[in-house]
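Colleague: sequence plus predicted model, see below.
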Amino acid sequence: MRTSIATVSLSGSLTEKLTAASRAGFDGVEIFENDLLASPLTPEEIRSRCADLGLTIDLYQPMRDTEALPEEDFARALRRARHKFELMRRLGADTVLVCSSVAPQAVDDDDLAAAQLSRLADLAAGSGVRIAYEALAWGRHISTWDHAWRVVRAAGHPALGTCLDSFHILSRSAGPEDVEGIARIPGEKIFFLQLADAPRLAMDVLQWSRHYRCFPGQGGFDVAGLVRQVLRTGYDGPLSLEVFNDVFRQAEAGPTARDAQRSLLLLQEEVALAAPPAPVVPTGVAFAELLTPDAQPVAALLGALGFTRTARHRGKPVDLFQRDQATVLVNTGPAERRDGTRLAAVGLASPDPAGAVRRAEALLAPVLPRRRAAEDAALEAVAAPDGTELFFCAAPGADGPDWRADFEAAGPAPEAGAVCRIDHLALTQHWHHFDEAALFHRSVLGLRPQESVDVADPYGLQRSRAVTSDDGGVRIVLSVGAAPSDDTVHAQHLAFGTDDVVAAARRFRAAGGHLLPIPANYYDDLAARFEFADGELETYRELGILYDRDAYGEFRHCYTRTVGHVFVELLQRDGGYRGYGAPNAAVRLAAQHA
Ligand SMILES: O=C(O)c1ccc(O)c(O)c1
Ligand SMILES: [Mg+2]
């Protein structure tokens, strides 16, 4: 179906918004009045700019407070409408959105509302304009889709139809039964469909709408379920995104527009309007790659954690460190990318690397140019929104290039030690890419986003959201924190799972490693909350091990010091524990600040 986006959803001048929408592949736009008023371009210039960019102007909006008014107020509304219809002629836009009245003088009288909308539609028809009437969720008397539709039906005017907006509908809906009736609206009377998602928040609906809308798939609404009902009507207008969001208003328009288009691609797949290559869910983490200007402290940290340097890349300054199932690559080049140790790349074990790349391209993930020699394995990679390079590696038994063959043995094989695997990777996001990142990992990789968690940081707030495969083979924690300048705390981290974190912590300390000290008050509180075996709590206190428990099992974890922008977590996950120790995060963040 045709895709469209409201200019209010993007940051910048009208020209910047239109350019971003066009580059992201949208077919059309909704022009928001404020964007037009603030633009130095004439309506004719806006029209030709859109045409040059391959965009149609699908909607002009909004007109407000036009129905169910005392006659003298309605006369003023008609006067405004004459001006706007003339403007729309110059713009080449034929559909205008009219929001339900919020004015205190509006009366609760559906007959009057229908009669006045009909008169407005007469005037519109004379200018070749159609009116799409939308119930604002906070409309004074008309605030639901079915009420707006009843009034439109009663008016019975060919130039009057309804505009359905998923935010207004789903913010007030208690369940799917509230939207089933939409399928019975004749499709040709739905003049426009606006789509937005939103996180589930208990707050005033106007504030919720104006500040927290997000793209479909980023919030908690069943937007796909609503679209399915609308499609049953035969509606064939555009799928148009209308998102009022404080973060997107400040973020760069180009990436936001691409994020927006990705959300519509996923939505169209969900409602069977499109069939892009199916997601290929990664089954594990083949490697984590640290990029560092100085390999020595990284090698020392990995050595104390029990890793051995077992191989070296044939052509690049990359060492391979191994411990049991965990592989870490340490890359010391190229020099221009050396801005302190960071987690630069992740190798994902994929059952079908070629299919994973096709999926990524279809979902607009930037495929990275290969930086490899002819003899190297032909690994493909995409860039996540935070810049992390995600490589698609063949999972054991899968077809695909063998990246291990690029490495030659450089040291003794590792001792058969305790179990160690990469449990999760925590990647810090730029604040305006947080929602985009969750949608990216969901749509491109087929990972499942978990609930978002907010944790108090002594100097702000840290928000994090895990994206995981169903069996836990891949767990990535996306986080966005306060004080982004404090890199020692808001660093990325690598979490290694073992089956005995106490032994792992002791081994690390004995090898000269430093574990993050945790305040005694934390252990007093643990003693109050849980019962422990004799001596257990004392062990945790001595080593700085944190503890948590959920309905499924137990979690014990501790942290190393930060090297560059990276630190390590050692953990033990027992009995199917699902979380990441969120109740301990505030104490950990404070300890890291200290
Ligand atoms: O918040 C508003 O006023 C507003 C305006 C136009 C819309 O289409 C809408 O959904 C909300
Ligand atoms: Mg709307």
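Modeller: Cool, got the structure. Ligands and ions are numbered 1, 2, ... in the order given.
Colleague: list the contacts of residue 527.
Modeller: residue 537 (CB atoms under 8 Å, 6 or more residues apart in numbering). In this view, the C-beta of every residue, glycine as well, is placed from N, C-alpha and C.
Colleague: tell me the pLDDT at the residue of the stretch 51-200 of the chain found nearest ligand 2?
Modeller: Per CB to the ion, residue 165 is where the stretch 51-200 of the chain lies closest to ligand 2, at 3.6 Å. Looking at residue 165, its pLDDT is 98.
Colleague: low-confidence stretches in the protein?
Modeller: For the chain, the stretches with pLDDT under 70 are 335-338, 416-417, 482-489.
Colleague: same thing but 50
Modeller: For the chain, not a single residue meets the criterion pLDDT under 50.
Colleague: end to end on stretch 61-76, go ahead and measure it.
Modeller: Terminal residues of stretch 61-76 are spaced 18 Å apart (CA to CA, to the nearest Å).
Colleague: how far away from the center of its chain is it?
Modeller: Computed by CA atoms, centre = their mean, to the nearest Å, the separation of stretch 61-76 from the middle of its chain amounts to 39 Å.
Colleague: coming back round to it: what's the burial count for the residue of the stretch 51-200 of the chain closest to ligand 2?
Modeller: Residues lying near residue 165 (other CB atoms under 10 Å) number 28.
Colleague: now do residue 205
Modeller: The tally of other residues near residue 205 (other CB under 10 Å) stands at 17.
Colleague: tell me who's in contact with it.
Modeller: Each residue near residue 205 by CB under 8 Å, 6+ apart is listed here: 137-138, 171-172.
Colleague: could you rerun that using 7 Å?
Modeller: Shown in contact with residue 205 (CB atoms under 7 Å, 6 or more residues apart in numbering): 137-138, 171.
Colleague: would you turn these into a markdown table with secondary structure, neighbour count and distance to ligand 1?
Modeller: Output for the contacts of residue 205, formatted as a markdown table (DSSP: H, G, I helix; E, B strand; the rest coil; neighbours: other CB atoms under 10 Å; distance: CB to the nearest ligand atom, whole Å):
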| residue | secondary structure | neighbour count | distance to ligand 1 |
| --- | --- | --- | --- |
| 137 | coil | 20 | 8 |
| 138 | coil | 18 | 8 |
| 171 | coil | 20 | 10 |
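Colleague: can you report how many residues lie near whatever residue of the stretch 351-500 of the chain ends up closest to ligand 1?
Modeller: Residue nearest to ligand 1 within the stretch 351-500 of the chain: residue 435 (19.0 Å; CB to the nearest ligand atom). Residues lying near residue 435 (other CB under 10 Å) number 29.
Colleague: over to residue 534?
Modeller: 6.
Colleague: pretty sure it sits in a helix.
Modeller: No. Under the criterion used here (DSSP: H, G, I helix; E, B strand; the rest coil), residue 534 is coil, not part of a helix.
Colleague: separation between it and ligand 1?
Modeller: 61 Å (CB to the nearest ligand atom, to the nearest Å).
Colleague: around ligand 1, which positions in the stretch 301-450 of the chain sit nearby?
Modeller: Residues of the stretch 301-450 of the chain found near ligand 1 (CB under 6 Å from any ligand atom): none.
Colleague: which residues of the stretch 301-450 of the chain fall in helices?
Modeller: Counting by DSSP state H, counting those that start in this stretch, the stretch 301-450 of the chain has helices at residues 353-362, 434-445.
Colleague: the inter-axis angle of the shortest one versus helix 434-445?
Modeller: Relative orientation of helix 353-362 with respect to helix 434-445: 140 degrees, computed using axes from the mean of the first three to the mean of the last three CA atoms, to 10 degrees.
Colleague: picking up where we left off before, pick the most deeply packed of the helices of the stretch 301-450 of the chain.
Modeller: Highest mean neighbour count of these: helix 434-445, a mean of 25 (counted as mean count of other CB atoms under 10 Å).
Colleague: can you give me the neighbour number for residue 203?
Modeller: Close neighbours of residue 203, defined as other CB under 10 Å, add up to 9.
Colleague: any idea how far it is from residue 113?
Modeller: Per CB to CB, to the nearest Å, residue 203 is found 28 Å from residue 113.
Colleague: repeat for residue 268
Modeller: Computed as CB to CB, the residue 268 to residue 113 distance reads 34 Å.
Colleague: of these two, which one has the most company?
Modeller: Legend: neighbour count by other CB under 10 Å for residue 268 and residue 113, higher for residue 113 (28 against 19).
Colleague: three-state assignment of that one?
Modeller: Using three-state DSSP, the structure places residue 113 in helix.
Colleague: what residues are up against it?
Modeller: 67-68, 142, 151.
Colleague: among those residues, who's most crowded?
Modeller: Neighbour-wise, the contacts of residue 113 (other CB under 10 Å) top out at residue 67, 31 neighbours.
Colleague: now it: which helix or strand?
Modeller: Using DSSP states H and E, residue 67 sits within no helix or strand.
Colleague: numbering from 34 from now on, please.
Modeller: Fine by me, first position is 34 from now on; the one you just mentioned is residue 100.
Colleague: from residue 35, how far out is the nearest residue to it once chain neighbours are set aside?
Modeller: Nearest non-adjacent residue to residue 100, counting by CB to CB, 6 or more residues apart in numbering: residue 146, 4.4 Å away. Taking CB to CB as the criterion, residue 146 is separated from residue 35 by 30 Å.
Colleague: again with residue 225
Modeller: From residue 225 to residue 35 the distance is 12 Å (CB to CB).
Colleague: out of these two, which sits in the busier spot?
Modeller: residue 225 (26 against 13).
Colleague: which helices and strands does the host helix or strand of the more buried one pack with?
Modeller: Taking DSSP H and E as the definition, residue 225 sits inside strand 223-228. Where contact means 3 or more CB pairs under 7 Å, 6 or more residues apart in numbering; DSSP states H and E, strand 223-228 is packed against strand 128-132, strand 163-167, strand 193-198, helix 256-265, strand 272-274.
Colleague: does ligand 1 have contacts with the first one?
Modeller: Yes. Contact between strand 128-132 and ligand 1, assessed by CB under 6 Å from any ligand atom, occurs at 130, 132.
Colleague: close to ligand 2, is that strand?
Modeller: No. Counting by CB under 5 Å from the ion, ligand 2 has no neighbours in strand 128-132; the shortest distance is 6.8 Å.
Colleague: who touches that strand?
Modeller: Residues from elsewhere that reach strand 128-132 (CB under 7 Å, 6+ apart): 91-97, 99, 117, 121, 162-167, 169, 196, 224-225.
Colleague: that one: partners in the sheet, and parallel or antiparallel?
Modeller: strand 89-96 (parallel), strand 163-167 (parallel) (DSSP bridges).
Colleague: most tightly surrounded among those?
Modeller: Across the strands paired with strand 128-132, the average number of neighbours (mean count of other CB under 10 Å) peaks for strand 163-167, which reaches a mean of 25.
Colleague: from the contact counts, what lies against the helix or strand just after it?
Modeller: As assigned by DSSP H and E, the chain's next helix or strand after strand 163-167 is helix 178-188. Packing contacts for helix 178-188, counted by 3+ CB pairs under 7 Å, 6+ apart, involve helix 143-159, strand 163-167, strand 193-198.
Colleague: and residue 616, what is it in contact with?
Modeller: By CB under 7 Å, 6+ apart, the contact list for residue 616 reads residue 581.
Colleague: isn't there a strand covering residue 546?
Modeller: No. Residue 546 sits outside any strand when classified using three-state DSSP, being coil.
Colleague: number of residues surrounding it?
Modeller: When counting by other CB under 10 Å, one arrives at 19 neighbours for residue 546.
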